[in-house]
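*Asks:* Here is my input, please return the structure:
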Amino acid sequence: MGFLLLCSMAGNTNPSATQSLSAYFFGFVTGTVLFGIVLREGYRYFKTCNEDSLKQRLLVAILCILDVFHFALSVHLGHFYLLENFGNANASVWSVKVLSTVQVVIVWLVQCLYLIRIWNLSKRVLSSRKLVLILQSAIVILLAMGLGAGLVVIIGVDSIEVMQDLTKDKWAIYYLGFGVTAAIDMTISIIMVALLHRSITGIKRTDGVLSALIHYFFSMGILTSLTALAYIVLYSLMPEEMSFLGLAFPNSRLYTLSFLVLLNARDKLREDLDKTVTFEPDFDSLKIRFKAMTESSNSDPNSEFLTSRNSHMSPEIRNVNVSNVGSHSSRVEDIV
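*Replies:* As a prediction, the model looks like this:
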């Protein structure tokens, strides 16, 4: 009986509402899958975060709690519009507004965490104090822009009465709010990639770690930016269908995951860094060379010894500056 009623309701639903609910459903399923990954990554972090500061752990805990709250609101919203008010876009529910607010907070918090890492990294990588001040000023501007874009979204969504209102003159939410978000994400990605590229030394294994981080930040910047731009495209092309609503569920989860995955990659990155300098001199060769030095009265002992030492090292070890290795290790620590 319930199945027949559902079929009857579906048959009476206009194509626009059906398309909206389809986008909502697939977005909800995608967001649910990503939420499972968030739970796994969050568990991994808190299992291995003993060396992190209390501040770091609190920030990650807040981020995870916000994501759980976001998922709970998604479930409530889905139950309300897919079951209780199937196909009725004129129904009003409070969780729409709260969901948008939580999403804005998650996005802005993750952007802040990345910008703080850029702030710390810039002081180590850039030798010019003028450049550091310029970059730090840009960071403050980006934080203000992110906060402003978030407030635009929150105020815009708070003014709606029913879901259908999202299609009426809400261009500021999508064009300004999500446009600025996409620009900030790409800027963060570009700055981080530039700073990491500047840290490349020529040491193979250290550069391997830096290259992995470069690819990660570039990929995540592209992914989150494209998601924000997808809001704008779908709103521009199909505003009445409200297909853009499907992106509300996976979008914020991508930000949470991007930060948790970076934190959980620390052990592997540190392991690779620990392998960077492996100095194993060939003592037998040094003894033979030292004997030859003592037999040669015209040779310069200091020069011969240095030549001997360098000739039996691999090119990678020979060119290592230990202080530089420590410096670049610190730079990676600033990021993760």
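*Asks:* Could you list the buried residues of stretch 239-250?
*Replies:* Of the residues in stretch 239-250, 239, 241-250 count as buried by neighbour count, 16 or more other C-beta atoms under 10 Å. For every residue, glycine as well, the C-beta is placed using N, CA and C.
*Asks:* Which element, helix or strand, includes residue 189?
*Replies:* According to DSSP states H and E, residue 189 maps onto helix 179-198.
*Asks:* I'd like the next helix or strand past that helix.
*Replies:* Helix 179-198 is succeeded, C-terminally, by helix 204-237 (DSSP H and E).
*Asks:* and the angle for that following helix with helix 179-198?
*Replies:* Using axes from the mean of the first three to the mean of the last three C-alpha atoms, to 10 degrees, one finds that helix 204-237 and helix 179-198 are set 170 degrees apart in direction.
*Asks:* Return the list of helices and strands in contact with helix 204-237.
*Replies:* Contacts defined by 3 or more C-beta pairs under 8 Å, 6 or more residues apart in numbering; DSSP states H and E place helix 204-237 against helix 179-198, helix 248-264, helix 266-274, helix 322-335.
*Asks:* Relative to residue 94, which of those is closest?
*Replies:* Across the helices and strands packed on helix 204-237, residue 94 has its closest neighbour in helix 248-264 (15.3 Å, C-beta to C-beta).
*Asks:* Does anything pack onto that closest one? Which helices or strands?
*Replies:* For helix 248-264, the packing partners by 3+ C-beta pairs under 8 Å, 6+ apart come out as helix 15-47, helix 54-79, helix 95-125, helix 204-237.
*Asks:* Just give me the residue closest to the centre of the chain.
*Replies:* Taking C-alpha atoms, centre = their mean, the centroid of the chain lies closest to residue 258, which sits 3.5 Å from it.
*Asks:* Identify the residue nearest that residue in space, chain neighbours excluded?
*Replies:* Ranked by C-beta to C-beta, 6 or more residues apart in numbering and with sequence neighbours excluded, the top spatial neighbour of residue 258 is residue 220, at 4.6 Å.
*Asks:* returning to what we had before: most neighbours per residue, which of the helices and strands packed on helix 204-237?
*Replies:* Of all those, helix 248-264 carries the top mean neighbour count, a mean of 22, counting by mean count of other C-beta atoms under 10 Å.
*Asks:* gap between the helix holding residue 189 and the chain center?
*Replies:* Put simply, helix 179-198 sits 11 Å off its chain's centre (C-alpha atoms, centre = their mean, to the nearest Å).
*Asks:* Then stretch 216-236?
*Replies:* Worked out by C-alpha atoms, centre = their mean, stretch 216-236 lies 12 Å from the chain centre.
*Asks:* just stretch 139-156 next, same as before
*Replies:* That offset, for stretch 139-156, works out to 18 Å (C-alpha atoms, centre = their mean).
*Asks:* Pretty sure residue 199 sits against residue 125.
*Replies:* Yes. Using C-beta atoms under 8 Å, residue 199 is in contact with residue 125, at 5.7 Å.
*Asks:* where does the stretch 201-336 of the chain have low pLDDT?
*Replies:* 275-336 (pLDDT under 70).
*Asks:* shouldn't residue 267 be in contact with residue 48?
*Replies:* Yes. The pair residue 267 / residue 48 is scored as a contact, 6.8 Å apart, by C-beta under 8 Å.
*Asks:* returning to that earlier point: redo the helices and strands packed on helix 204-237 as TSV? Include distance to residue 231.
*Replies:* Output for these, formatted as TSV (distance: least, C-beta to C-beta, whole Å):
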stretch	distance to residue 231
helix 179-198	9
helix 248-264	8
helix 266-274	32
helix 322-335	28
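*Asks:* closest one to residue 62 among those helices?
*Replies:* helix 248-264 (10.8 Å).
*Asks:* Just give me how far that closest one sits from the chain centre.
*Replies:* 6 Å.
*Asks:* quick one: that helix to helix 95-125, angle?
*Replies:* 30 degrees.
*Asks:* heads up, I number from 17, so please use that
*Replies:* Shifting the count to begin at 17 puts that one at helix 264-280.
*Asks:* Now do helix 264-280 against helix 31-63, angle only.
*Replies:* 20 degrees.
*Asks:* so what's the residue lying closest to residue 243 once chain neighbours are set aside up against?
*Replies:* Nearest residue to residue 243, sequence neighbours excluded (C-beta to C-beta, 6+ apart): residue 267, at 5.2 Å. Residue 267 makes contact with 119, 123, 240, 243-244, 247, according to C-beta atoms under 8 Å, 6 or more residues apart in numbering.
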